[in-house]
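>>> below are the sequence and a predicted model; questions follow.
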Amino acid sequence: MAGRSMVGKRVKAGWWIRMAPRDRRALMLLGGVFLIVFAGAIVFLRLQRVSAQRDEIANYQKALSMVFTQGAEYKERLAAKERREATISSTPLSFTSLIEQAENAAGVQATDQEEKPPVDDKEIGLRTRTINFEMRDITLEQMTQFLTAVESKPGHVVLAEHLEVRALRSDTTVPEDRLKVDYQLTTWERIEREESEG
């Protein structure tokens, strides 16, 4: 029994001895290449993981830096936003009286006034109101005076969102200083915000 096991060991060990030196070297080289590739893959994966962790740490550091160094700037922006919102009135603006006052200031007459239905955005707490009208046979100076009177209304934000200016008579060869102007005025009012669920 002991003799058989000794023979088996000799047979198993003999495959390496029986190989030609060139084959042994090739096999050793192949094993070495495999070990190098395996070690390289492990190192590459480890470096990738370390790089991802460094990026995450850098993001945390940046966030902390912004909190500590730019917190005052963020508060100032919030305060500026609140100041801007405070200029928007919650009292409805009468377009008719506003346009009439501006007409008297500029010496012009508005026609074809058409106020659109108001649009409420309860999410941000604003109501948008718009009116369209036109003026004929006015000068550039009168148009500027009218716009200045309208947009400088105290306690309200009023803007000319659309302004289409054309010469009153385009078929004349003489330079035309009389204008036809189509206006669209828009104002905003604060309304109660709708609390979002969740």
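That came through, no problem.
>>> these two touch, right, Ala106 and Gln142?
Yes - judged on C-beta atoms under 8 Å, Ala106 makes contact with Gln142 at a distance of 4.8 Å. For the C-beta atoms, the positions are set from N, CA and C on the backbone; glycine is no exception.
>>> give the next helix or strand downstream of the lowest-mean-pLDDT helix or strand in the chain.
When each helix and strand of the chain is scored by mean pLDDT, DSSP states H and E, helix 2-18 comes last, with a mean of 58. Next helix or strand after helix 2-18 toward the C-terminus (DSSP states H and E): helix 21-69.
>>> now do that next one, average pLDDT.
In this model, helix 21-69 has a mean pLDDT of 82.
>>> so what does that helix touch, helix or strand wise?
On a contact count with 3 or more C-beta pairs under 8 Å, 6 or more residues apart in numbering; DSSP states H and E, helix 21-69 meets no helix or strand.
>>> the same query, at a cut-off of 10 Å, please.
helix 2-18, helix 71-86 (3 or more C-beta pairs under 10 Å, 6 or more residues apart in numbering; DSSP states H and E).
>>> overlap in contacts of Ala106 and Gln142?
Listed as contacting both Ala106 and Gln142 by C-beta atoms under 10 Å, 6 or more residues apart in numbering are Met135.
>>> if I pick Asn59, what's in contact with it?
With C-beta under 10 Å, 6+ apart, Asn59 has no contacts at all.
>>> please tell me how far it sits from Gly125.
As judged by C-beta to C-beta, to the nearest Å, Asn59 and Gly125 stand 34 Å apart.
>>> try Leu185
Counting by C-beta to C-beta - Leu185 and Gly125 are separated by 21 Å.
>>> could you check the pLDDT of Phe133?
91.
>>> ok, how many other residues are close to it?
Using other C-beta atoms under 10 Å, Phe133 has 17 neighbouring residues.
>>> and the host helix or strand of it, how far out from the chain middle?
Using DSSP H and E, Phe133 sits in strand 126-138. Computed by C-alpha atoms, centre = their mean, to the nearest Å, the separation of strand 126-138 from the middle of its chain amounts to 30 Å.
>>> which parts of that strand are buried?
126-127, 129-131, 133, 135, 138 (16 or more other C-beta atoms under 10 Å).
>>> same deal with stretch 78-97?
Applying 16+ other C-beta under 10 Å to stretch 78-97 flags 88-89, 93, 95 as buried.
>>> ends of that stretch, what's the gap?
End-to-end distance for stretch 78-97, by C-alpha to C-alpha, to the nearest Å: 34 Å.
>>> I figured Ala102 hits Ala160, correct?
No - using C-beta atoms under 10 Å, Ala102 is not in contact with Ala160, being 11.0 Å away.
>>> who touches both of these two?
What both Ala102 and Ala160 touch, as defined by C-beta under 10 Å, 6+ apart, is the set 146-147, 150-151, 185.
>>> identify the residues contacting stretch 137-147?
In contact with stretch 137-147 (C-beta under 10 Å, 6+ apart) are residues 99, 102-103, 105-110, 135, 158-160, 163, 165, 168-169, 177-181, 183, 185.
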